[in-house]
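Engineer: Below are the sequence and a predicted model; questions follow.
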Amino acid sequence: MLDAYLYGGLRSPIGRHAGKLAAVRPDDLVATVMRELVARSPFAPADIEDVILGCTSQAGEDSRNLGRHAALLA
């Protein structure tokens, strides 16, 4: 089994239902966080093999692969 390493972590802003972040798509919000995380990292984006994303989607978008979409957008 290969070793896995966590080199950094950030969290997205927390909003309220129908608040200021309501117009922002979830994958766009996460992509912003991912871009910043990569910018702070000493590694090239091409060196990143996997993305593991923990998220909840309590309202709105359903049946989407949020981690994949956000990584592609980032």
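Structural biologist: Yes, it's here.
Engineer: For this protein, name the helix or strand with the lowest mean pLDDT.
Structural biologist: helix 66-73 (a mean of 82; mean pLDDT, DSSP states H and E).
Engineer: in this protein, which residue is closest to the centre?
Structural biologist: Nearest residue to the geometric centre of the chain (CA atoms, centre = their mean): Val30, 3.3 Å.
Engineer: Asp3 versus that one, what's the distance?
Structural biologist: Per CB to CB, to the nearest Å, Val30 is found 25 Å from Asp3. Every residue, glycine included, has its C-beta placed from N, CA and C.
Engineer: cool, and Arg68?
Structural biologist: On the measure of CB to CB, Arg68 and Asp3 end up 23 Å apart.
Engineer: Find me whatever residue is spatially closest to the residue nearest to the centre of the chain, sequence neighbours aside.
Structural biologist: Using CB to CB, 6 or more residues apart in numbering and skipping the chain neighbours, the partner closest in space to Val30 is Ala70 (3.7 Å).
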